[in-house]
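Visitor: Below is the sequence, then the predicted model.
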Amino acid sequence: MATTGLQVLGVLLAVAGWVGGALVTAAPFWRVSAFVGGELVVAEAQWEGLWMSCLVRSSTGHTQCKTFDSGLALAPSTQARRTLAVVALLLGVLGLGLSVLGLKCTHCLGSAHDSKARLARLGGLVFVAAALMFLVPVCWTAHMVVRDFYDPAVAAPLKRELGPALYLGWFVALLMLVGGALINAGSAPPPGGGGGGEEATAGGFFGGGKGNPQPTPPAGKKEKAYV
């Protein structure tokens, strides 16, 4: 049955995951410098993201960030990861709209409980799809970092380590995934199936409704009293 508490909790978790996903997408901490051997200058650290790269000088604490000049000049893998992250965030916006319209505690669609439950379940599925899509660029980047780190053909100054944005990306994707699942669980149909659950319940508790009239004794006959 539609449970308002589960629906609201799912929406809150999914929205928190979406907000975190937006921050992760814009953050430059996807890949950080790996200090391997003595070939790197430890006075400088480099951060790289999907949209910009930053250079941090430990001696002065100065950080200089620069966005990538041209998106078309980037590597195809970076363009694909950008696209997947942005599409995942757009799916999150769509899932939020569907979920809010389908919440049991909202009155956007009146009292059409079945339609609202279907909308809420669709919003939950969209959030699950957004979470899975957001995992793709995060896991893709982690795979590239680990592969290049252990590749002897890659020079030490070009090696990178997993940045904090990747760990946060896994966490926010999990939030969206759990949020979408809770929205679906809170919008599940009643075990007996079919609509009109509230009317049937009311009829059962109060001795039948319009579709179940009580029999009346024929005129002129008295009911027998039983002791």
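Guide: Yep, that arrived.

Visitor: So which residues of this structure form strands?
Guide: 31-33, 44-48, 52-57, 63-67, 160-162 (DSSP state E).

Visitor: and among those strands, the most buried is which?
Guide: strand 31-33 (a mean of 22; mean count of other CB atoms under 10 Å). Using the backbone N, CA and C atoms, a C-beta is placed for each residue, glycine as well.

Visitor: Need the contact partners of that one.
Guide: The set of residues external to strand 31-33 that reach it, using CB atoms under 8 Å, 6 or more residues apart in numbering, is 40, 44-49, 141, 145, 160-163.

Visitor: quick one: contacts for the residue nearest the centre of the chain?
Guide: The residue lying closest to the centre of the chain (CA atoms, centre = their mean) is Met176, at 2.2 Å. Applying CB under 8 Å, 6+ apart to Met176 gives the contacts Leu13, Ala14, Gly17, Trp18, Gly21, Gly92, Phe127, Val128, Ala130, Ala131, Phe134.

Visitor: again with Ser77
Guide: Trp140, Met144.

Visitor: how close does it get to Ala120?
Guide: Distance check for Ser77 against Ala120: by CB to CB, to the nearest Å, it reads 36 Å.

Visitor: Pro164 too?
Guide: 34 Å.

Visitor: that older thread, could you export the strands of the chain to TSV, including columns for mean pLDDT?
Guide: As requested, the strands of the chain are exported to TSV (pLDDT from 0 to 100):
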stretch	mean pLDDT
strand 31-33	88
strand 44-48	81
strand 52-57	82
strand 63-67	82
strand 160-162	89
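
Visitor: Dump those strands into JSON lines; add distance to Thr4 as well.
Guide: JSON lines is the format used below for the strands of the chain (distance: least, CB to CB, whole Å):
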{"stretch": "strand 31-33", "distance to Thr4": "43"}
{"stretch": "strand 44-48", "distance to Thr4": "43"}
{"stretch": "strand 52-57", "distance to Thr4": "42"}
{"stretch": "strand 63-67", "distance to Thr4": "44"}
{"stretch": "strand 160-162", "distance to Thr4": "40"}
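
Visitor: Out of the contacts of strand 31-33, which is nearest to Gly180?
Guide: Relative to Gly180, the closest of the contacts of strand 31-33 is Thr141; by CB to CB it sits at 23.0 Å.

Visitor: what's the most distant pair in the contacts of strand 31-33?
Guide: Glu44 and Thr141, at 21.7 Å, using CB to CB across these.

Visitor: low-confidence ranges in the chain?
Guide: Along the chain, the parts satisfying pLDDT under 70 run over 1-2, 35-43, 58-61, 108-113, 190-227.

Visitor: For the spatially closest residue to Phe149 that is not a sequence neighbour, grab the count of nearby residues.
Guide: Leaving aside its sequence neighbours, Phe149 sits nearest to Lys159 (CB to CB, 6 or more residues apart in numbering; 5.2 Å). Neighbourhood size, Lys159 [other CB atoms under 10 Å]: 20.

Visitor: separation between Lys159 and Arg31?
Guide: 10 Å.

Visitor: do Gly102 as well
Guide: 39 Å.

Visitor: Next: Gly92.
Guide: Applying CB to CB to Gly92 and Arg31 gives a distance of 24 Å.

Visitor: now do Thr83
Guide: Distance of Thr83 to Arg31, computed by CB to CB: 18 Å.

Visitor: which residues of this protein fall in helices?
Guide: Secondary structure of the chain (DSSP state H): helices at 4-26, 76-102, 113-149, 164-186, 197-205.
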